[in-house]
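Engineer: here you go, sequence then predicted model.
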Amino acid sequence: MPRYSKEFIGEIKSRLRVSDVIGKFVKLTQRGNEFVGLSPFKNEKTPSFTVNDEKEFFHCFSSAEHGDIFSFLMKHKNMSYPESIEYLANQAGLNPETGIIRDPNYVEKDFSSLKKIINEANNYFKDQLKASTEAQKYIDKRSIDENIIKKFELGYSGNGNNNLYNHLKKIGLNIDDAISIGLIKKSNKKKDEFYDFFRNRFMFPIKDYKSNIIAFGGRALDNSNIKYINSSDSPIFKKSFQLYNLNLAIEENRKPRNLIIVEGYMDVITLYQNNFKSSVAPLGTALTSYQLERAWKVCQNPIIMFDGDEAGQKAAQRVALLALNNLLPDHSLRFCLLPKDYDPDDYLNKNSPSNLQDVIDNSLSLSEFIWDTELEKEDISIPEKKAGFEKRIRILINKINNKTVREYYNKFFNDKLNELKFNRNIPYDVNYQRKKNRISSEMLASDRVKKQSHESVVREKIMLICLIENPFLIAKYSEELGKIRFNDLNLSSLVSEILEFSASNVDKELENFNFKSYLIERGLNQEIKYIFQPKLLSTYSSIIKNEKVEVEKSFISLLDLHRNLVEENDLDIALNDLEEKMDEKSFENFMRIKKESISKN
């Protein structure tokens with residue numbers, strides 16, 4: 001980290017008033033010689049935060065925080081000391097480089113040529129994206145918004161063997177530098193022959209926390225056995241230290257309450273597109289201790305949201321063990337359990353962001369996740385197995401290096417073990433805890449609880465797409481539409497707009513009317529995007545776009561089916577019974593009725 005001279009720091013202070021710096025983050029009101037405002041460190045109703053320009057400090061009476069402009073940024077915006085100096089130097093109109101203390105014998109490494117090549121490659125990939133129909137198909141398939149493409153600077157490598165090589169060579173850039181950062185590879189078969197490392201791949205620029213591009217990830221668009229590849233380590237990139245999207249995750253808040261750690265690039269992008277902006281991912285490898293420490297610097301209690309398949313859950317268990325070795329006071333992890341075989345991208349394609357927020361809110365603490373994971377490993381209904389389970393728990397506790405944290409974990413698990421030993425009301429089923437979580441997960445995803453079961457949501461989306469694509473149906477069936485209870489609450493504004501339109505356009509000829517464009521102009525762009533998903537349109541194209549008679553027949557069938565299913569209350573009764581008893585019998589009854597309901601669809 002750079003060291004700055006006292007004279008340079010003094011120059012920054014002389015150019016900036018404390019109230020001007022802090023006033024960008026806290027609403028201040030002048031009272032005499034001081035400024036007052038609500039504490040940025042603690043929730044309060046009466047202002048206790050003061051700023052004094054003459055004495056060049058701030059003081060917070062409610063939290064006892066005190067300091068100058070640099071310490072304010074370090075405490076409030078989670079900056080390091082050098083980062084705060086750099087930030088304020090720029091604000092003061094000074095070049096941070098001029099204030100750095102340099103050893104006379106120190107020779108600074110110049111990576112400018114590498115940075116120039118990697119930025120040129122990024123521009124090349126972005127240009128290739130615009131010209132590639134194959135890449136555009138992938139964008140449509142994954143429903144990536146145009147604004148997201150620009151925000152993440154997504155690109156396409158091109159499908160030639162050495163297109164990038166020829167481009168870099170043509171504009172006079174050093175090929176050896178391109179090789180050193182992994183963009184170009186030298187052929188082992190032919191002398192003086194080179195090829196592009198990324199070929200026919202959808203490109204994800206990897207950036208440091210300051211948004212400088214340092215590497216790339218590429219997703220195959222053909223049948224390659226290796227779906228994802230990443231740049232190898234280079235002078236400007238160390239894979240095990242970086243987190244994908246950390247720069248945007250802290251863009252709005254340098255210390256987010258929920259930092260979500262997922263497995264892949266597209267998981268991050270889908271989450272960001274659905275307003276879960278504080279999302280990051282390791283770079284194609286298991287989460288490392290360095291990445292975990294970097295995450296903890298931003299958020300003390302990040303959320304692990306790995307895939308719901310077996311591989312994803314094993315990866316989550318490895319992260320739990322990694323965290324145990326590195327735990328410190330006030331630092332931990334939460335574990336968000338997605339339904340089986342779902343990843344975050346899948347889940348958001350079939351559910352709303354509010355659904356996912358509910359799942360996040362039900363995340364397990366690290367200690368709970370470890371307990372549940374160990375409990376499900378084998379049947380502990382006999383004494384010997386209980387003893388083995390306790391032994392495994394003790395071994396895990398001893399992995400915690402921090403003495404204070406280890407003592408509290410010891411107490412937590414001792415209490416749980418005593419419950420297991422002496423509380424006869426606790427069943428010793430091998431999967432008891434997991435079944436409890438699975439019951440909760442089913443309840444959470446239930447059509448009758450969150451109004452979001454996948455089957456009813458699909459049906460409702462198809463009905464609305466039919467209406468929007470075939471406006472002649474609106475006048476004929478608006479009354480029936482108004483009587484239906486839509487389970488997906490995200491569709492309510494769309495339904496209301498359709499009914500309002502129908503009421504005010506009773507006598508108009510709507511057969512050739514572009515109703516979709518009309519709704520977008522009315523501010524329903526997000527709702528349109530939510531239902532007009534490429535997979536859905538492709539699967540149900542015969543229902544949506546057909547002869548008028550066939551479209552109307554299909555729509556009536558959907559209408560009748562939906563009305564009949566909504567009227568059924570068997571699932572409601574089973575669910576109420578499950579909520580009251582929370583036992584295995586009521587859970588099995590609930591699942592049986594739910595499956596029967598789905599089979600009727």
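Structural biologist: Right, received. Where do you want to start? Computed from a predicted structure; not experimentally measured. Numbering: from 1, shown residues only.

Engineer: pLDDT below threshold where in the stretch 51-200 of the chain?
Structural biologist: Scanning the stretch 51-200 of the chain with the threshold set as pLDDT under 70 gives 104-109.

Engineer: show me where it has helices.
Structural biologist: For the stretch 51-200 of the chain, the helices defined by DSSP state H, counting those that start in this stretch occupy 69-76, 81-91, 112-131, 133-141, 146-152, 163-170, 175-180.

Engineer: and the stretch 201-350 of the chain, by the same measure?
Structural biologist: Shown for the stretch 201-350 of the chain, the helices assigned by DSSP H, counting those that start in this stretch span residues 246-249, 265-273, 289-298, 310-326, 344-350.

Engineer: which of those helices sits most buried?
Structural biologist: Among the helices of the stretch 201-350 of the chain, the stretch with the highest mean neighbour count (mean count of other CB atoms under 10 Å) is helix 265-273, at a mean of 24. Glycine gets a C-beta too; all of them are placed from N, C-alpha and C.

Engineer: that one - contacts with which helices or strands?
Structural biologist: The helices and strands touching helix 265-273, judged by 3 or more CB pairs under 8 Å, 6 or more residues apart in numbering; DSSP states H and E, are helix 146-152, strand 213-220, strand 279-280, helix 344-350.

Engineer: mind checking which of those is nearest E86?
Structural biologist: Between E86 and those, the shortest separation by CB to CB is 18.1 Å, and it involves strand 213-220.

Engineer: which stretches of this protein have low pLDDT?
Structural biologist: Across the chain, the stretches falling below the confidence threshold (pLDDT under 70) are 1, 104-109, 423-456, 485, 487, 489, 505-512, 563-601.

Engineer: domain map for it?
Structural biologist: According to automatic domain parsing, the chain is divided into the following domains: 6-99, 112-237, 244-436, 454-567, 570-599.

Engineer: now do the fourth one: distance to the chain's middle.
Structural biologist: Its chain's average C-alpha position is 30 Å from that of domain 454-567, according to CA atoms, centre = their mean, to the nearest Å.

Engineer: likewise stretch 157-170?
Structural biologist: Going by CA atoms, centre = their mean, where stretch 157-170 is centred and where its chain is centred differ by 33 Å.

Engineer: okay, it in CSV with CA atoms only?
Structural biologist: Output of stretch 157-170 as CSV, limited to C-alpha atoms (Å, rounded to 0.1, in the frame of the first residue of the first chain):
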residue,chain,number,x,y,z
SER,A,157,-14.6,-13.4,-28.3
GLY,A,158,-15.4,-14.2,-32.0
ASN,A,159,-15.1,-17.7,-33.3
GLY,A,160,-11.9,-17.5,-35.3
ASN,A,161,-8.6,-19.1,-34.1
ASN,A,162,-6.6,-15.9,-34.1
ASN,A,163,-8.8,-13.0,-34.7
LEU,A,164,-7.8,-11.1,-31.5
TYR,A,165,-4.1,-11.9,-32.2
ASN,A,166,-4.4,-10.4,-35.7
HIS,A,167,-6.3,-7.3,-34.3
LEU,A,168,-3.6,-6.6,-31.6
LYS,A,169,-0.8,-7.1,-34.1
LYS,A,170,-2.4,-4.8,-36.6
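
Engineer: let me know whether P2 touches I100 as I believe.
Structural biologist: Yes - contact criterion CB atoms under 8 Å: P2 and I100 qualify, at 4.6 Å.
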